[in-house]
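S.K.: Predicted model, plus sequence, below.
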Amino acid sequence: MHAMNLSPIGITFVGWVKRSGPINAYELMGPLRLTHPTGCFRLFRPTFCWRHPVNAPESLPMLESAMPFQSFPAWNWQLPEHFNIGVACTDAHLGTANENKLAMIVEDDVLGVSTATYRQLAQATSRFAQLLRNLGVAAGDRVLIRLPNSLAYPTAFLGAMKRGAIAVPTSTLLTAEEVVYLARDSEATVLVTDKAMWQGLREKLVGLNHLRFVLLTGPGGLLPASGIEVRDLESELAEIVSCELPHKTLSHDPAYLVYTSGTTGYPKGVLHGHRAMVGREPAAQYWFDFAEDGNDRIVHSGKFNWTYVLGSGLMDPLYRGKTVIVHEGRNDAEGWIRLIAKHSATIFIGVPTIYRQIIQKTQFTGADVPTLRHCMSAGEHLSDEMLGLWKDRFGVEIYEAVGMSEVSYYLSENKFRPIRPGSAGFPQPGHDVRLLDPDTLREVEVGEEGMICLPADDPGLFMRYWNLPEETGKAFKDRWFLTGDYARFDEDGYIWFLGRRDDIINSFGYRVSPHEIERVMKTHPAVADCAACGEELAADKVLVVAYVMLHPGSSVTADELTAFGREHLAGYKAPKIVYLAADFPRTKNGKIIRKQLTPALATARSA
C-alpha cells in the first residue's frame, strides 16, 4: 500500500500499485481514495496511467499529470454594433449549405411529427414579424408566448425579435392566475397560445389594458374575449405574401424577457438584450461538443420556455445550423432513447431527473444509440454514482453546467479537462468569474468561499430586472454583478458550486421561491401562517413541502391544502407534502428558521 500527497495539486491517494510491463509503468490495484482540496473524498477507478522515473525506487511511483492545467486561451469578444437573434438563427442560413437542412423536428404524441428546414423557419418567422407590424405592434412591445413544444414556438419567439419586439416565454405549467400576473407585469400587447390553453385563460385575461391581440395555434374554434381581438395564427400567416426586412436592432437592444422566482413572493422579469446570443458563444466551445462537419442532431428533453432550453435547445443550435429534435407529450424514460436512436442524434441534453429515470427504468446501453457521443445536463447536480452508471452503460460522459436566468450557463465541465465529480467544472473563457467578498469586493483566496461575481459588461449578462430598478441596483456593485451564489476554487482551478445563502428551493431542476408558495398558501382562509422549504428524500431528490399553521377552530385537512396548492400553483411549485404544525421555530425577531423545519414538528401530514 502506498500513500502520497501530490503537491501542489492537493490530491492524496491511497491504493495498491504493482509493476506492469516497461520499467516506467505501474498498474493500480484496488480502489483509490482521492481527497480533493475541498476535504471530500471518494473511491473511484482511475483512468490515468501511473509512472515513475527510470532511476526512482520501485516502491515510490509518481503520477504523471498535466495538472496544474495551463490556462484556457484568452477570449476576445466580437460584439457587432447591430445584431438580431431572430435573424442570426434563421435568415443568416439562407444561401448557405444549411438552407434546406432540417432545423427542427417536433415529435408530438398526439399530432405526430412536424419538421421545418432553415428556409421554412426563416419564412415563418418573417411572416410572424410582418403580422406583428400589420397589427401595429411596435419595436419594444412585449409578446407573451405560452405554447407547448411545437414549430409555432420558434416561429413566435424568433419572429417577435425579428420585429424588434420583446419575446416573453412562459411555462405551460403555470396556472391561469400566474399567466395573468405575467401578462400584467410585462404589459404584453400580444399573447400567443394554443386553443386548448386559451379556454382556461380567456375569462381571466379580460380587462388587462395592454393586451390587445391573442394569436391561437392548433385545432379547434376561436373563442372570443371581450376587448381582445382573437385570431388564428396559421390563417393569419398564410395570408401574408410579402415581408419587410427585419427590424435593425442594436446588440444592446432588448430581445427577450424571462421570469424567474423572486424573493418577494412574485416572479421577477429578467430582460436580456440581443447581445446574449454572442454572450453564450463560449459555451459552444467549452460545454457543447459540436462536430466540425456541422451535422449534429440534438435531442433535448426540455420545454422551450425555460432559459436553459431556450439557449441550449433552441438559440445555440439554430445559430450554428444544427438540427434540434424535441418532444411534446408524456415523459417516458424509454422514449428518450428511442428518439435518439430514431433520429441518429449525436448530442443529448437533459436534466438529472431524466438521466436517473433512464438508468433506473430501462435496460438500454450505448449499443442502442451508437451515434450518441456527447451528453449535457444542468438544473441541479448529478450524483457521482449516476455519472458513473451512465458512463458504464452508454460509454459517454455527462458534462454538467451551472447557469442562472441572469446570465444563462457560464460554468461548465468540458472535454479538454477531466471531469471532477462534485465540481461545476470551470468558468467558461470570456466570463471573467471572480469569487469576491460581497461587502468589500475583495477577491478570496483559493479554497475560500466567495460570492460568484461577473463584470457588468459581460455580453451574456442581463440588462435589468423588469420594472424593478431597486432590485437591479442591488444586484450590481461598482463594476460587478453579484449573483448571490457562492463557490470556491480549488488549486487546479475547478470551481465548487455551493449555491445561494437564501432560501430558494432546487427541486428536480426547477428553482422555486418559497416566498411565492407561502404567499399563495396564505390566501386560503384557514391558513394562519406558512413556511415552504425543500425536503431531501435521497441523493438528488428534493421535494417542495409546506408547513402550515391553521387559524384556531379551522378544520381543513392537510390533503385539502395540498389540493389547494395544486389548484393555484404550477405543478413544480405546488407543495408535494403539506405538514400541519402548532408553531414554527423562530429567531428572536420572529423570523422562521427554515433549516429547523422537520416532519417531527408536524401534528398531521398529507397523504
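M.R.: Sure, I can see it. Numbering: from 1, shown residues only.
S.K.: Which strand or helix spans L543?
M.R.: For L543, the host element (DSSP states H and E) is strand 541-550.
S.K.: do V258 as well
M.R.: strand 254-260.
S.K.: just the strands in the stretch 401-550 of the chain please.
M.R.: 408-412, 426-427, 434-436, 450-455, 464-465, 476-477, 480-489, 495-500, 505-507, 510-512, 527-538, 541-550 (DSSP state E, counting those that start in this stretch).
S.K.: pLDDT (mean, whole number) over the strand holding L543?
M.R.: In this model, strand 541-550 has a mean pLDDT of 94.
S.K.: Specify the angle between the helix or strand following the strand holding V258 and strand 254-260 in degrees.
M.R.: Beyond strand 254-260 on the C-terminal side, the first helix or strand identified by DSSP H and E is strand 268-273. Between strand 268-273 and strand 254-260, the angle comes out at 150 degrees (axes from the mean of the first three to the mean of the last three Cα atoms, to 10 degrees).
S.K.: now what about whichever helix or strand comes after strand 268-273, what contacts it?
M.R.: Sequence-wise, the next helix or strand downstream of strand 268-273 (DSSP H and E) is helix 275-279. Residues outside helix 275-279 that contact it (Cβ atoms under 8 Å, 6 or more residues apart in numbering): 77-80, 83, 85, 88-89, 251-252, 255-256, 315, 319, 407-408, 430, 458-462. (Glycine included, C-beta is placed from N, CA and C.)
S.K.: how about a cut-off of 7 Å?
M.R.: 79, 83, 85, 88, 251-252, 255, 315, 319, 408, 458-461 (Cβ atoms under 7 Å, 6 or more residues apart in numbering).
S.K.: Output the contacting helices and strands for the next helix-or-strand element following it.
M.R.: Where DSSP H and E defines the elements, the next helix or strand beyond helix 275-279 is helix 281-286. Contacts defined by 3 or more Cβ pairs under 7 Å, 6 or more residues apart in numbering; DSSP states H and E place helix 281-286 against strand 408-412.
S.K.: Domain map for the chain?
M.R.: Per the record, the chain has its domains at 2-63, 80-96+119-279, 280-425, 445-502, 505-605, by automatic domain parsing.
S.K.: The longest helix anywhere in the chain packs against which elements?
M.R.: As assigned by DSSP state H, the longest helix anywhere in the chain is helix 118-134. Helix 118-134 sits against strand 102-108, helix 152-163, helix 233-238, with contacts defined as 3+ Cβ pairs under 7 Å, 6+ apart.
S.K.: ok and it relative to strand 102-108, angle-wise?
M.R.: Angle, helix 118-134 to strand 102-108, by the same axes, to 10 degrees: 80 degrees.
S.K.: Send over the helix or strand following helix 118-134 as PDB, restricted to the C-alpha atoms.
M.R.: Downstream of helix 118-134, the first helix or strand assigned by DSSP H and E is strand 142-146. Only the C-alpha atoms of strand 142-146 are listed here, as PDB (Å, rounded to 0.1, in the frame of the first residue of the first chain):
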ATOM      1  CA  ARG A 142     -44.000  42.600 -25.400                       C
ATOM      2  CA  VAL A 143     -45.200  39.300 -27.000                       C
ATOM      3  CA  LEU A 144     -46.200  36.800 -24.300                       C
ATOM      4  CA  ILE A 145     -45.700  33.200 -25.500                       C
ATOM      5  CA  ARG A 146     -47.400  30.200 -23.800                       C
END
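S.K.: from the middle of its chain, how far away would the strand holding V258 be?
M.R.: Strand 254-260 has its C-alpha centroid displaced from the chain centroid by 14 Å (Cα atoms, centre = their mean, to the nearest Å).
S.K.: Please enumerate the helices of the stretch 301-450 of the chain.
M.R.: According to DSSP state H, counting those that start in this stretch, the stretch 301-450 of the chain carries its helices in the segments 307-309, 316-319, 333-342, 352-361, 384-394.
S.K.: Which one of those helices lies nearest to G499?
M.R.: helix 352-361 (14.9 Å; Cβ to Cβ).
S.K.: And that closest one, what's buried?
M.R.: Using 16 or more other Cβ atoms under 10 Å as the test for burial, helix 352-361 gives P352, T353, I354, Y355, R356, Q357, I358, I359.
S.K.: Pick the one among those residues closest to F426.
M.R.: Closest approach between the buried residues of helix 352-361 and F426, by Cβ to Cβ: P352, at 20.0 Å.
S.K.: got the contact list for the closest one?
M.R.: Contacts of P352 by Cβ under 7 Å, 6+ apart are S377, G379, E380, L382, G509, D540.
S.K.: before we move on, what about C89?
M.R.: C89 neighbours (Cβ under 7 Å, 6+ apart): L158, M315, L318, Y319.
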